[in-house]
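Trainee: A structural model of the following input is requested.
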Amino acid sequence: MGFDECFLKSVNRTFKYMSFRTRIYQFPVDDVTIRVEVLKRLNGYKPFLFNFTVDACKFLKGQKKTMVTQFFYDLFAPYSNMLHKCPYDHDVFVNKLPISHLDHMLSNVLPFPEGVYCVHSVYFSHGIPRMDLKVYVNIN
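Mentor: Numbers count the residues shown, from 1 in each chain. Okay, here's the model as predicted:
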């Protein structure tokens, strides 16, 4: 896996969005495990509340769903092409994910305390780490 694009764009003072597109080099993708941990900056980044591993294919089939995995999926799913079960035979993208959506999810749905966070996720295929993604968020 690799990134074709990954950026944060500010259209105006009130509308900002995030987009990224990953390139998958070997198809089909039928075994994906995702490890997610949330870190909070407190004299360095320290573990904060969430640290889980999920079999993405079982999750997308409707098995192995928990409230935590569903929450993190709902953060980006409406703006992604990951809305179907495995196998994947195409690249994966998140397109124009509004920062206002993230703000709503992280302030109203599951209120996070103010601070600087890192959402670190590692994507495995067939037990081999294929992609390491870190998203930094400042909640104030």
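
Trainee: rest of the way, CA atoms for contacts and neighbours
Mentor: Noted.

Trainee: in the sheet, who's paired with residue 35?
Mentor: Per DSSP bridges, the residues bridged to residue 35 are residue 53, residue 122.

Trainee: what separates it from residue 11, distance-wise?
Mentor: 32 Å (CA to CA, to the nearest Å).

Trainee: For these two, indicate the residue with more neighbours.
Mentor: Higher neighbour count among residue 35 and residue 11: residue 35, with 17 against 9, using other CA atoms under 10 Å.

Trainee: Next secondary structure after the helix or strand of the chain with the lowest mean pLDDT?
Mentor: Ranked by mean pLDDT, DSSP states H and E, the weakest helix or strand in the chain is strand 2-10, scoring a mean of 89. Next in sequence after strand 2-10, counting helices and strands by DSSP states H and E, comes strand 16-23.

Trainee: longest helix anywhere in this structure?
Mentor: Longest helix in the chain, counting residues (DSSP state H): helix 67-76.

Trainee: Compute the inter-axis angle for whichever helix or strand comes after that one and strand 16-23.
Mentor: Per DSSP H and E, the first helix or strand lying C-terminal to helix 67-76 is strand 92-98. Relative orientation of strand 92-98 and strand 16-23, computed by axes from the mean of the first three to the mean of the last three CA atoms, to 10 degrees: 180 degrees.
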